[in-house]
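**Student:** next come a sequence and a model predicted from it.
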Amino acid sequence: MPTIAPLDLAGHCIDARFIRDVPFFALADGTIHRLDNGHKVTEAHDGLLCAVPSFDGRSLLTGGEDGRICATDLNGQAKELSLIPRKWMTALAAAPNGAIAFASGRSAWVRSADGTVREILHERSVEGVAFAPKGFRLAVARYNGVTLHWPATSGAPTELEWKGAHVSVIFSPDNRFLVTSMQENALHGWRLEDNRHMRMTGYPNKVKSWSWSAKGKWLATSGAPAAIIWPFSGKDGPMGKAPLELGTRGDNLVTAVACHPVEDIVAIGYSDGMILVGRFGDQKEVLLRRGGKSAMSSMNWDTSGHRLVFGTEAGDCGVIDITA
């Protein structure tokens with residue numbers, strides 16, 4: 001049976017993940033909690049809005065209501081990487097070359113590894129940012145589509161248009177597809193070789209969590225009473241194909257998903273705090289956690305896939321060891 005080490009915190013957990021196999025929990029109040037030979041706390045922001053791991057996995061990058069972008073590592077120090085006064089930093093991404101991108105309002109900024117910062121203005125507000133797998137291209141989700149930039153050059157951007165509000169964006173691991181989540185209850189995508197559209201609809205709620213499978217052949221998503229898992233292995237991606245549905249529950253929505261780093265299985269978190277794990281091949285499901293105080297807001301595996309860290313909207317967080 002899996003074992004759970006609970007951690008009860010006060011507040012909305014924006015991001016829960018492992019940094020060098022140490023559990024980190026980033027809360028909306030601006031604190032970052034870590035379980036490293038005891039419970040330790042870092043006061044990183046005056047209000048925290050977004051968090052992603054650095055590409056090398058050595059620190060947690062965070063953006064806040066205080067205009068700061070910080071990196072917090074195992075020593076607990078929140079190193080300030082950038083400060084744009086009076087800006088709420090609402091989106092964040094990290095690249096393999098050490099660059100990071102962050103956004104507020106109609107601006108996106110790219111901070112190179114050497115510390116130089118370039119601002120890129122847009123006509124509409126920037127809702128999401130993502131680097132392509134090699135880090136040379138930056139996607140910016142906006143109203144009515146996505147803008148693709150080459151931040152290291154002054155070349156003209158590429159515009160991918162689709163009506164509606166696009167709120168977050170992600171590249172497939174093989175760089176063949178680009179997918180956005182929308183303010184509507186849908187995903188939209190483009191096949192990048194020819195910019196062909198891909199529509200992924202039918203969700204009863206907004207998609208707020210997604211995760212690529214270990215080999216990038218599947219994209220698991222929240223937003224329905226089951227984890228909706230789209231196939232991306234063929235030339236056309238999910239076009240013309242039905243998704244898998246795992247962990248169907250009639251009375252609760254899936255609010256968080258996290259694909260295993262090695263196997264084709266996915267952790268599925270629900271609006272009542274329950275967590276299941278489901279296998280793609282035979283659709284077998286195993287209960288990892290019964291319901292809690294509130295909706296699951298973030299989950300991530302460690303590098304070995306033996307432990308799952310989770311956080312909820314009410315702060316009942318913890319670590320599940322599936323090998324116990």
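**Tutor:** Yep, it's here.

**Student:** who are the packing partners of the helix or strand L276 falls within?
**Tutor:** Taking DSSP states H and E as the criterion, L276 maps to strand 275-279. On a contact count with 3 or more C-beta pairs under 8 Å, 6 or more residues apart in numbering; DSSP states H and E, strand 275-279 meets strand 265-270, strand 285-289. C-betas here are computed from N, CA, C, even on glycine.

**Student:** buried residues in that strand?
**Tutor:** For strand 275-279, the neighbour count (16 or more other C-beta atoms under 10 Å) marks 275-278 as buried.

**Student:** for the record, mean pLDDT for that strand?
**Tutor:** Per-residue pLDDT over strand 275-279 has a mean of 97.

**Student:** show the subsequent helix or strand relative to the longest strand seen in the chain.
**Tutor:** Using DSSP state E, we find that the single longest strand of the chain is strand 158-171. Moving toward the C-terminus from strand 158-171, the next helix or strand (DSSP H and E) is strand 177-182.

**Student:** so what touches that next one?
**Tutor:** With C-beta atoms under 8 Å, 6 or more residues apart in numbering as the test, strand 177-182 has contacts from 128, 139, 141, 146, 148, 160, 162, 164-172, 187-192, 198, 200, 206-208, 210, 219, 221, 232, 237.

**Student:** of those, buried ones?
**Tutor:** 128, 139, 141, 146, 148, 160, 162, 165-172, 187-192, 198, 200, 207-208, 210, 219, 221, 232, 237.

**Student:** so where do the strands sit in the stretch 101-250 of the chain?
**Tutor:** 107-111, 117-121, 128-131, 138-149, 158-171, 177-182, 187-191, 196-200, 210-212, 218-221, 227-231, 244-246 (DSSP state E, counting those that start in this stretch).

**Student:** what strands flank the third one, and is each parallel or antiparallel?
**Tutor:** Which is strand 128-131. Next to strand 128-131 in the sheet, as set by DSSP bridges, lie strand 138-149 (antiparallel).

**Student:** ok, back up a step: tabulate the buried residues of strand 275-279 (CSV), appending distance to I100.
**Tutor:** Below are those laid out as CSV (distance: C-beta to C-beta, whole Å):
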residue, distance to I100
I275, 30
L276, 34
V277, 32
G278, 33
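
**Student:** out of those, which is nearest to V52?
**Tutor:** Checking these against V52 with C-beta to C-beta, the nearest one is I275 at 21.7 Å.

**Student:** how near is that closest one to Y203?
**Tutor:** 20 Å (C-beta to C-beta, to the nearest Å).

**Student:** what does G11 give?
**Tutor:** 28 Å.

**Student:** and the two? which has more neighbours close in?
**Tutor:** Y203 (19 against 16; other C-beta atoms under 10 Å).

**Student:** could you check how far that one is from P6?
**Tutor:** 31 Å.

**Student:** same check on H197?
**Tutor:** H197 is 44 Å from P6, by C-beta to C-beta.

**Student:** next one: C259
**Tutor:** The value you get for C259 to P6, if C-beta to C-beta is used, is 24 Å.

**Student:** neighbour count winner among those two?
**Tutor:** C259 (26 against 12).

**Student:** test my guess that that one contacts A220.
**Tutor:** Yes. Because the distance of 5.5 Å satisfies C-beta atoms under 8 Å, C259 is recorded as touching A220.

**Student:** list the residues that contact both of those two?
**Tutor:** Joint contacts of C259 and A220 (C-beta under 8 Å, 6+ apart) are 211-213, 266.

**Student:** over to the nearest residue to Q77 once chain neighbours are set aside. Which of the three states is it?
**Tutor:** Spatial nearest neighbour of Q77, excluding adjacent residues (C-beta to C-beta, 6 or more residues apart in numbering): T42 at 7.3 Å. Classification of T42 by DSSP: H, G, I helix; E, B strand; the rest coil places it in strand.

**Student:** check contacts around T42.
**Tutor:** 31-34, 72, 76-78.

**Student:** list buried residues within those.
**Tutor:** 31-34, 72, 78.

**Student:** from those, pick the one nearest N252.
**Tutor:** Closest to N252, out of all of those and judged by C-beta to C-beta, is H33, at 26.4 Å.

**Student:** is it true that that closest one touches F25?
**Tutor:** Yes. With contacts counted by C-beta under 8 Å, H33 reaches F25, the gap being 4.4 Å.
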